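Peer 1: here is my input; please provide its structure:
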Amino acid sequence: MNGLRVKITGLLLSLLLLVPAFASAHTVNTKGPTPDLRSALGQLLGEHALLAIAAMQKGYDGAPDFAQAAGALNQNTDDLSAAVASVYGADAGAAFKKVWSSHIGYFVDYVKATSAKDEAGRAKAVADLESYRMAQAKFFAGANPKYFDEKTIADGLKMHIDHLLAAFNDYVGKNYAAAYDDAKTAYAHMYMTGDALAGGIAAQFPAKFTDAVASNPASDLRSALEQKLGEHALLAILAMQKGIDGAPDFAAAAASLSRNTDELSAAVASVYGAAAGEAFKKVWSSHIGYFVDYVTATGAKDEAGKKTAVAELEAYRMAQAKFFAEANPANFSQQAIADSLKMHIDHLLNAFDAYVAKDYAGVYNDARTAYAHMFPTGAVLAAGIAAQFPEKFHTAAPAPEVMKVWFKVGSDQLIIDDKETTMNTKPYMDNGTNYIPLRYLAEGIGAKVTWDRAAQSVWIDAGDAKAQFWVGKKYMELNGKRMEIGYPVMLKDNRVQVPVRFIAELFGWDVAWNAKDWSITLTKTMETNASADMAGMHH
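Peer 2: Sure thing, here's the model as predicted:
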């Protein structure tokens, strides 16, 4: 009976998806089981935060690649809207896009007003962002009212807005260390948001997202690795740009990249021990140094130095692949890892070379590809580690929850999972068919009941499924589809009464009739909640 009640701040963690090989597709998948949804939302929301911060910096600086940075942010919006549409339909995707796009526009307004020293314009942009967050919260709560709380979502969006404004204001104030701290916080917050959204959607559509569980260490590992690897890719590209430009915030960008290395090394150490963590850090740090060498050589027009840096990166990828293969020989292929690292290196070099050549469209295409590539990489690493240490990363599925409903013909007592309710009318038998008050049964298992007096009909709403019954009719409708009941729906004692067996079997319940005392016991192994019960009616 205690269905999963997910709010936006809750983190519903999902089962690990074992992907067979490293990939580089610049796509996300929200149509598979929950791990894909969690990963996809984290990927896109995290990318949004870092791209927005970079675009705001570029806009304030009047950088020549601002339009392309903003274009990449808009492409991210398209992908997020497609993710929403894949769950809630094309109309919802379009509605989301309109609202979500508005807040990007308001950030642009804030940047322009800041550049113009227009305090009134800044205040208006902040007010517009305040209106946006309420509209965005209303959208999600309307799409998923049972599992998303509008106020909690609005509060989470306030944090997102504050993070981005803080990062920008610190950048303008030349407090670069704080700017990159704020950027890191904004990025991490988006993964928390993505987890909660994935959890609420999975709870809303349990038949589609069948692998949702309350907690899973393997999924946590995957999410953490994807998050840190994705951050590495975008930070590295940004730091390389800052380096070649001689930007005043280069040191702060490089320091943020170093903190990311520390966090990745700590993740490795948590699995393989402190010594392995230090060994990983030494190898991983080397490739960041080689990228710096490449940037330095490019700035000096030193072709030989560039070739040396590329050769050093080649040696790095083999050493890094060897590290993972030796740490986990049964589950990691050294050649596959080396090949994937080659792709990673190429993505970053391509993005940098395009920036130097002022091919800004190419820059952001390569940057998004580099970022996206980190997600299948993280998934494969997590899968291999989980396979290597099943006792640590395997979470047994929770015991199925069995719900029980008991009532008796001629008695006003209704017991649902040992919770007793006194009804103001009683189940009865008519021509050999047992009837029960519909409202008590439906509300008892968490559904919403609405009585339409004029139409003499009852609506049962369980989120992803809606059923309608009419007094005196021998049929009902489920999501608009007519279904024959075989017996009329009755109105007795001002309560709509429905045939027990039909409703029970429609909901997927087992029915046990006790002829001795005329009692009926309904039992069902629950999926997650009352919405799952109604979803079961689709069969």
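Peer 1: per-residue pLDDT, residue 407?
Peer 2: According to the per-residue confidence, residue 407 scores 88 in pLDDT.
Peer 1: again with residue 185
Peer 2: pLDDT, residue 185: 95.
Peer 1: can you tell me the element it falls in?
Peer 2: In this structure, residue 185 is located in helix 176-204 according to DSSP states H and E.
Peer 1: try residue 55
Peer 2: helix 34-61.
Peer 1: list the helices and strands the helix holding residue 185 packs on?
Peer 2: Helix 176-204 sits against helix 34-61, helix 150-172, helix 217-245, helix 250-272, with contacts defined as 3 or more CB pairs under 8 Å, 6 or more residues apart in numbering; DSSP states H and E. (Glycine included, C-beta is placed from N, CA and C.)
Peer 1: the ones you listed: which one's closest to residue 206?
Peer 2: helix 34-61 (9.9 Å; CB to CB).
Peer 1: quick one: low-confidence parts of the stretch 51-200 of the chain?
Peer 2: Regions of the stretch 51-200 of the chain meeting the criterion pLDDT under 70 are absent.
Peer 1: how far is the following helix or strand past the helix holding residue 55 from where the chain is centred?
Peer 2: Helices and strands here follow DSSP H and E; after helix 34-61, the next one along the chain is helix 66-88. Shown here is helix 66-88, whose average C-alpha point lies 15 Å from the average C-alpha point of the whole chain (CA atoms, centre = their mean, to the nearest Å).
Peer 1: and the residue nearest to residue 406 when sequence neighbours are not counted, its phi and psi?
Peer 2: Distance criterion CB to CB, 6 or more residues apart in numbering; nearest residue to residue 406, sequence neighbours excluded, is residue 415 at 4.4 Å. Backbone geometry at residue 415, expressed as degrees, to the nearest 10, gives phi -120, psi 120.
Peer 1: helix/strand/coil for the closest residue to residue 468 other than its chain neighbours?
Peer 2: Taking CB to CB, 6+ apart as the measure, residue 468 lies nearest to residue 477, with 4.7 Å between them; neighbours along the chain are not counted. The three-state label for residue 477, taken from DSSP: H, G, I helix; E, B strand; the rest coil, comes out as strand.
Peer 1: what sits against residue 477?
Peer 2: 467-468, 483 (CB atoms under 8 Å, 6 or more residues apart in numbering).
Peer 1: pipe those into TSV and attach secondary structure per row.
Peer 2: Converted to TSV, those look like this (three-state DSSP):
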residue	secondary structure
467	strand
468	strand
483	strand
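Peer 1: so residue 422 makes contact with residue 413?
Peer 2: Yes. A contact is recorded between residue 422 and residue 413 when judged using CB atoms under 8 Å, the distance being 6.6 Å.
Peer 1: the more surrounded of these two?
Peer 2: Shown here are residue 422 and residue 413; by other CB atoms under 10 Å, residue 413 has more neighbours (14 against 9).
Peer 1: quick one: the more buried one from residue 515, how far?
Peer 2: 19 Å (CB to CB, to the nearest Å).
Peer 1: try residue 499
Peer 2: 18 Å.
Peer 1: so for those two, which sits in the more crowded spot?
Peer 2: residue 499 (21 against 6).
Peer 1: where does the more buried one land on pLDDT?
Peer 2: The predicted structure scores residue 499 at 86 on the pLDDT scale.
Peer 1: residue contacts, it?
Peer 2: So, once contact is read as CB under 8 Å, 6+ apart, residue 499 ends up touching 433-435, 485-487, 489.
Peer 1: what's the distance between it and residue 339?
Peer 2: When residue 499 is compared with residue 339 (using CB to CB), they lie 63 Å apart.
Peer 1: check residue 169 too.
Peer 2: Residue 169 sits 43 Å away from residue 339, going by CB to CB.
Peer 1: surely the residue nearest to residue 406 meets residue 405?
Peer 2: Yes. Counting by CB under 8 Å, residue 415 does reach residue 405; the two are 7.3 Å apart.
Peer 1: the two: which is more packed in?
Peer 2: A side-by-side neighbour count of residue 415 and residue 405, using other CB under 10 Å, places residue 405 first with 24 against 16.
Peer 1: leaving out the residues flanking it, which one is nearest to the more buried one?
Peer 2: For residue 405, ignoring the flanking residues on the chain, the nearest one in space by CB to CB, 6+ apart is residue 522 at 4.1 Å.
Peer 1: ok, that neighbour - contacts?
Peer 2: Going by CB under 8 Å, 6+ apart, residue 522 touches 404-406, 504, 509-512.
Peer 1: which of those residues ranks first by neighbour count?
Peer 2: In these, the most neighbours by other CB under 10 Å go to residue 405, 24 neighbours.
Peer 1: kindly state the beta-bridge partners for it.
Peer 2: residue 416, residue 522 (DSSP bridges).
Peer 1: list the contacts of it.
Peer 2: If you count contacts by CB under 8 Å, 6+ apart, then residue 405 has 414-416, 441, 444-445, 509, 521-523 around it.
Peer 1: and it, how far is that from residue 493?
Peer 2: The gap separating residue 405 from residue 493 is 20 Å, by CB to CB.
Peer 1: helix, strand or coil for the residue nearest to residue 72 when sequence neighbours are not counted?
Peer 2: Counting by CB to CB, 6+ apart, residue 364 is the residue found nearest to residue 72 once chain neighbours are left out, at 3.8 Å. Using three-state DSSP, the three-state assignment for residue 364 comes out as helix.
Peer 1: is the nearest residue to residue 303 once chain neighbours are set aside in a helix, a strand, or coil?
Peer 2: The spatial neighbour of residue 303 that comes closest, neighbours along the chain excluded (CB to CB, 6+ apart), is residue 297 at 7.6 Å. For residue 297, the reduced secondary structure class is helix; criterion used: three-state DSSP.
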